[in-house]
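Asks: Quick one: sequence and predicted model below, then my questions.
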Amino acid sequence: MRSTFTWGQSPTMLSRLSTLPMVYSTEPTRKSILFSCLLNICFEDETNKLFVNQELNLTRVINHLQEHLTTRENQLPQQQSISMSNLSSRMEGEDEEEMVKGLNEFSFRFPFELWKETIEFLRKQDETNQDEDIEEQQI
């Protein structure tokens, strides 16, 4: 399914996501939404990961995920993000603005359980690219 993001005529859907206006890389809410989408598309998919790394430096995405991981690990268990099971119970009695805010939480868009594994997966590629850059410079 995720391979469909690189199909079709240029610019592909993944290309468009990787080249959104700068506000999507700087404004915190938009950045979390964009980066969580890119993480979902790239997770365990070498082709998409390579494509995103060419269009948008993966180091920025890795750093963003690492910041969320550090914040999450420092939180108390009762303050951790919304899960699907308690989202519906929170919806009752909350106004729409609070519900939308919860839906925009990073961990709702990309599951916390995958964060460490994803960082390792993306860093592996990032380190490989750095090694290749060094080799090219030496030639």
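Replies: Received it, and whenever you're ready, just let me know what you need.
Asks: My understanding was that residue 41 contacts residue 48; is that so?
Replies: Yes. Taking Cβ atoms under 8 Å as the contact criterion, residue 41 and residue 48 are neighbours in contact, 5.1 Å apart. Where C-beta positions appear, they are placed from N, C-alpha and C, glycine not excepted.
Asks: ok, now which ones touch residue 69?
Replies: Contact analysis of residue 69 by Cβ atoms under 8 Å, 6 or more residues apart in numbering lists 115-116, 119.
Asks: host element of it?
Replies: Using DSSP states H and E, the secondary-structure element containing residue 69 is helix 58-74.
Asks: same deal with residue 116?
Replies: Residue 116 belongs to helix 115-138 when assigned by DSSP H and E.
Asks: could I have the helix holding residue 69 exported to PDB, CA atoms only?
Replies: Coordinates of the C-alpha atoms in helix 58-74 are reproduced here as PDB (Å, rounded to 0.1, in the frame of the first residue of the first chain):
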ATOM      1  CA  LEU A  58      16.000  12.400   7.300                       C
ATOM      2  CA  THR A  59      18.100  13.800  10.100                       C
ATOM      3  CA  ARG A  60      15.400  16.400  10.700                       C
ATOM      4  CA  VAL A  61      12.800  13.700  10.900                       C
ATOM      5  CA  ILE A  62      14.900  11.600  13.200                       C
ATOM      6  CA  ASN A  63      15.600  14.500  15.500                       C
ATOM      7  CA  HIS A  64      11.900  15.400  15.700                       C
ATOM      8  CA  LEU A  65      11.000  11.800  16.600                       C
ATOM      9  CA  GLN A  66      13.900  11.700  19.200                       C
ATOM     10  CA  GLU A  67      12.600  14.900  20.800                       C
ATOM     11  CA  HIS A  68       9.100  13.300  21.100                       C
ATOM     12  CA  LEU A  69      10.600  10.100  22.500                       C
ATOM     13  CA  THR A  70      12.700  12.100  25.100                       C
ATOM     14  CA  THR A  71       9.600  14.100  26.200                       C
ATOM     15  CA  ARG A  72       7.500  11.000  26.300                       C
ATOM     16  CA  GLU A  73      10.000   9.100  28.500                       C
ATOM     17  CA  ASN A  74      10.100  12.000  30.900                       C
END
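Asks: List the buried residues of that helix.
Replies: Taking 16 or more other Cβ atoms under 10 Å as the neighbour-count basis, helix 58-74 is seen to contain the buried residues 58, 61-62, 64-65, 68-69.
Asks: Appreciated, that's everything.
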